[in-house]
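*Asks:* predicted model, plus sequence, below.
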Amino acid sequence: MTIKNLITFFRQFTSNHPILETFSWGNLSDYSREDYITKYPAIHFVPQPSTLGDTSQDITFSVLVYDLLNEYVDNPTNSNQLDSMALCEEIMGDFYNFFVNQLTEYGYYLQTPIQYSYFTDRFAESVCGVEASITITIEQTACIPPFIVPSPTPSPTPTNTPTPTITPTPSITPTLTPTPTGTPGITPSPTATPTLTPTPSSTPPVPVFDVGVGFNSRTTAVLTDGTDVFVGGDFTYYKNTAVDRIVKIDGNGDIIPTFTATSNGSIWTIVDDGIGGLLLGGTFTQINGTTANRIARIDKTTGALDTSFTANSNNVIYSILVDGSDIIVGGSFTTMNGVSRGRIAKLSLSSGVLDTSAFTGAGFNQNEVRWVIKNLSGNYVAAHRAANYDGSATSRLIEIDSSTYADTGLFGTSLTDNAIRQIYQDSSTGYYYFNGNGGTLNGNGTSKVNRCDSGATIVNAIGLGGVPASACYLDESNGWFYVYYTQGNLYVRYDTSTFTTTDTTWNTNITSVSRILNIDTPFLSTDSNNKIFVVGGFNLWASQQFNFIVRLNQDGTLDCSN
């Protein structure tokens, strides 16, 4: 990999990208006022070549996405204008997928996290935008085998010439011949052989989860099924084997080949439908080569598409809740099965047919619904990023009556925290658990880690620093609440029986969990052996290289092959 290769690679990427208008490269100091980029959005590549060593290879560069409309400078808080940062993150996310699909087999990956920053007056004086600082690198660390690079060169090397020197070894073989002559005298030795039989039975092979080189792009959904695990995301390879954005893995970390589902787009959620199938939601428009617009059901064993399930959405689906014979879906869609729906809808579990009596109002007016649960009262609770529901102001958490589909008002209207991605309710205590970034819920302050009672009164709010906690997971069976904290790139956990301070026994060796983009949301799931699976947008875990999946013991230590 050289800068020249990378520029060619970037040109190929930008020429096929739907939102990019122009591409240029070189040092900014080489450009004059006559070199204005006249179209927006535009992308500029600034190489900063570094030394290529024997054990690690690094190429550092910056990507600048120009904001010729000066939207950030004129009004950086105006949410109605195009978000240059979001645009840059989207471009980098697309580039990442494009990059890893081409170069993962050679062991190259993007060092994470990618650093983003706004810039002004850096290019042709009046232009502003967003810069992404990127390093392409390769490393080999514990718990992962060496990257396999195409190796035609080793075969022709005549280094085998020393092997003839080993030819005298046959002369040693006759020395072994006398030993068999002694064996007849040791005929009672068979009686000793039974002593060897118990030893193999006492040392059975212990299954160990070995991810190899892992995935070639981020993982965004995980579901355990006994000791097996389903993983969905943006990836197209796992352990150097082609898999299109969904795969089933056994307890050793190996692909289960009888499961052959494929997707042409990202998978954001995988849900067990309780009747032998899996419900998928995401950005895809095809499953197994057959049209399936962003929602589908497949066979859990084979991955075959259930064509009798006919639901379709006009935009991304992030959440699916199985509710008896129905499912509640949340996302960024505005139509479901061709009928207007404001980012939440109710469908038949068996057929995907829309319940035309449910959620008939305006629904959520913007952004998306990220998570939906059913609470102990039998109502729906959603985590979302809209300002209004059915035309009235709402908090980012909302309880919706399961009969009238109206806002019950449980969570009020004051909590406007866009960082909230999930909410859970403990079935034994009624407490709600959710992540966040602060704000007010019914007159009480929230923080990064939050617990409130069934009446939505804050009981605990724990701060972690200046940035959001962007994901969470309640392991009710073991009594733990996990929170992903973006500033330290750490997972932390809390004992739900005390819930006052971070559990210091939880894998204190975790010093780095690197992400691809700020918009990534890692998820967890626990299998029947109480092993914890973590997926997300990371390449490193506890300073060791893991590409987008790890399995942990209950104490947080890595469960992997060395």
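*Replies:* Sure thing, it's come through. Numbering: from 1, shown residues only.
*Asks:* hey, let's count contacts and neighbours off CA atoms from now on
*Replies:* Noted.
*Asks:* what's the local residue count around the residue lying closest to G232 once chain neighbours are set aside?
*Replies:* Sequence neighbours aside, I246 is the residue nearest to G232 in space, at 4.4 Å (criterion: C-alpha to C-alpha, 6 or more residues apart in numbering). Neighbourhood size, I246 [other C-alpha atoms under 10 Å]: 30.
*Asks:* where does the stretch 201-350 of the chain have low pLDDT?
*Replies:* 201-207 (pLDDT under 70).
*Asks:* after the strand or helix carrying Q115, which helix or strand is next? Please name it.
*Replies:* Element membership of Q115 [criterion: DSSP states H and E] is strand 109-123. Per DSSP H and E, strand 109-123 leads on to strand 127-138 as the next helix or strand towards the C-terminus.
*Asks:* average pLDDT across that next one?
*Replies:* In this model, strand 127-138 has a mean pLDDT of 73.
*Asks:* helices and strands around it, which ones?
*Replies:* Packing partners of strand 127-138 (3 or more C-alpha pairs under 8 Å, 6 or more residues apart in numbering; DSSP states H and E): strand 57-67, helix 71-74, helix 84-103, strand 109-123.
*Asks:* who touches I420 in this structure?
*Replies:* 383-384, 396, 434-437, 469-471 (C-alpha atoms under 8 Å, 6 or more residues apart in numbering).
*Asks:* got a list of what T258 touches?
*Replies:* Shown in contact with T258 (C-alpha under 8 Å, 6+ apart): 301-302.
*Asks:* right, I mislabeled it, should have said V322
*Replies:* Neighbouring residues of V322 by C-alpha under 8 Å, 6+ apart: 273, 328, 349.
*Asks:* next: I7.
*Replies:* 25, 45.
*Asks:* give me the pLDDT for it.
*Replies:* The model's pLDDT for I7 equals 75.
*Asks:* would you single out the least confident of the helices and strands packed on strand 127-138?
*Replies:* Lowest mean pLDDT of the helices and strands packed on strand 127-138: helix 71-74, a mean of 45.
*Asks:* what's the span of stretch 366-381 from first residue to last?
*Replies:* 17 Å (C-alpha to C-alpha, to the nearest Å).
*Asks:* sorry, back to before: looking at the contacts of I420, spot the one nearest I317.
*Replies:* The closest of the contacts of I420 to I317 turns out to be H384 (C-alpha to C-alpha; 12.4 Å).
*Asks:* need the nearest residue in space to that closest one, chain neighbours excluded.
*Replies:* Nearest non-adjacent residue to H384, counting by C-alpha to C-alpha, 6+ apart: V369, 4.2 Å away.
*Asks:* how many neighbours does the one you found have?
*Replies:* Counted with other C-alpha under 10 Å, residues neighbouring V369 total 27.
*Asks:* list the contacts of it.
*Replies:* When contacts are counted by C-alpha under 8 Å, 6+ apart, V369 is found next to 318-319, 330-332, 343-344, 382-386.
*Asks:* cool, V229 as well?
*Replies:* Taking C-alpha under 8 Å, 6+ apart as the criterion, V229 is in contact with 222-223, 248-251, 527.
*Asks:* kindly recompute the last result at 7 Å.
*Replies:* The contact partners of V229, by C-alpha atoms under 7 Å, 6 or more residues apart in numbering, come to 222-223, 248-250.
*Asks:* returning to that earlier point: for the residue nearest to H384, give its distance to Q545.
*Replies:* Computed as C-alpha to C-alpha, the V369 to Q545 distance reads 33 Å.
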